[in-house]
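*Asks:* with the sequence up front, the predicted model follows.
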Amino acid sequence: MELVNAGKAPALLIKVDEVIPQGFEIKEMPEIYTFEDNFINMKGKRLNPLKTDDVKIVVNPRSKGTFIVKPRILYIDETGKYKSHEPEPVTITVKELGIKGWIKGERR
């Protein structure tokens, strides 16, 4: 996930809601953040104007299906007001993995 401050002043990142879809579990994420009640606590990280912050999160699906990720980023702007941004949703499709015939034990 790449967070960008497109503004003209620094912003403080508060949290990212709904970044992990139901049916997924977190395998790996940056140690500086914590995952609480389906949001990532960004702990007020400062993001300067026209700068980016990459947050790498590795997840494992617990079931197959189609999932929609619709995160909401909460931050404090230069005036001290809480604001939010909702990027375009992303669809993730989890299919059953395997080699045809391998799962059933067929050999050629």
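*Replies:* Perfect, I can see it now. Source: prediction; values computed, not measured.
*Asks:* C-alpha from now on. contacts and neighbour counts both.
*Replies:* Fine.
*Asks:* pretty sure Ala13 contacts Leu47?
*Replies:* Wrong residue type there; residue 13 is Leu, not Ala. Yes - using Cα atoms under 8 Å, Leu13 is in contact with Leu47, at 7.1 Å.
*Asks:* so what sits against both of these two?
*Replies:* Residues touching both Leu13 and Leu47 by Cα atoms under 8 Å, 6 or more residues apart in numbering: none at all.
*Asks:* more crowded one of those two?
*Replies:* Leu13 (23 against 20; other Cα atoms under 10 Å).
*Asks:* bridging residues for the more buried one?
*Replies:* Leu13 forms beta bridges with Lys45, Tyr75, as assigned by DSSP bridges.
*Asks:* for it, give its distance to Gln22.
*Replies:* 23 Å (Cα to Cα, to the nearest Å).
*Asks:* once you drop chain neighbours, what's closest to Arg72?
*Replies:* Glu86 (4.6 Å; Cα to Cα, 6 or more residues apart in numbering).
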